[in-house]
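> Structural data only, the sequence is not supplied:
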């Protein structure tokens, strides 16, 4: 096994672990209404701080790619003794990158659009519809995370 590849993969895993920990700490501290799933509060806050919200989620997308160097190291380590596991790990790694990008991408693009609709809505019916759409996309994102977040 190439020690340099393992070193690069190890650094990628460390960067990913630290950035993910900081990411969730910031999310819990700065955006607690997301955890409470208070759609109206989230949409009002996102509308008021749109740049901060988008910057936060675009950083999450970029930082999630720091885990990519671990995949070649893992595949190389498994290939000698367990080729089937190496192929499965590679498959789920690509799958996790795709699905792991969709969640933050959804927050960086769809949520600000919903926040603009919610904050500019003239009546409560429109706000109610936007609220339901926001909750539906959150449920979708939580489902993806539960199924593939730890992949």
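Everything's here; your move. All values derive from a computational prediction rather than experimental measurement. Numbers count the residues shown, from 1 in each chain.

> Tell me where this structure is predicted with low confidence.
Residues of the chain that meet the criterion pLDDT under 70 lie in 1-13, 66-67, 144-151.

> mind running it again at 50?
1, 150-151 (pLDDT under 50).

> Which helix in it has the most residues?
Taking DSSP state H as the criterion, the chain has its longest helix at helix 83-120.

> who's in contact with stretch 121-134?
For stretch 121-134, contacts defined as Cβ atoms under 8 Å, 6 or more residues apart in numbering pick out 39, 40, 42, 43, 111, 114, 117, 118. Bear in mind the C-beta positions are built from the backbone N, C-alpha and C, glycine included.

> Now the phi/psi pair for residue 37, please.
When read as degrees, to the nearest 10, the backbone of residue 37 gives phi 60, psi 40.

> Roughly how far does it sit from residue 140?
13 Å (Cβ to Cβ, to the nearest Å).

> now residue 88
25 Å.

> cool, and residue 49?
Counting by Cβ to Cβ, the gap from residue 49 to residue 140 is 23 Å.

> correct me, but residue 56 touches residue 26?
Yes - under the criterion of Cβ atoms under 8 Å, residue 56 makes contact with residue 26 at 7.2 Å.

> Of the two, which one has the most company?
Neighbours were counted for residue 56 and for residue 26 using other Cβ atoms under 10 Å; residue 56 has more, 18 against 13.

> what kind of secondary structure is the more buried one in?
helix (DSSP: H, G, I helix; E, B strand; the rest coil).

> Next up, the contacts around it.
Counted by Cβ under 8 Å, 6+ apart, residue 56 has contacts 26, 27.

> likewise residue 117?
Applying Cβ under 8 Å, 6+ apart, the residues near residue 117 are 126, 130.

> how close does it sit to residue 88?
Residue 117 sits 42 Å away from residue 88, going by Cβ to Cβ.

> try residue 97
15 Å.

> what about the two, which has more around it?
Ranked by neighbour count (other Cβ under 10 Å), residue 97 and residue 88 place residue 97 first, with 16 against 12.
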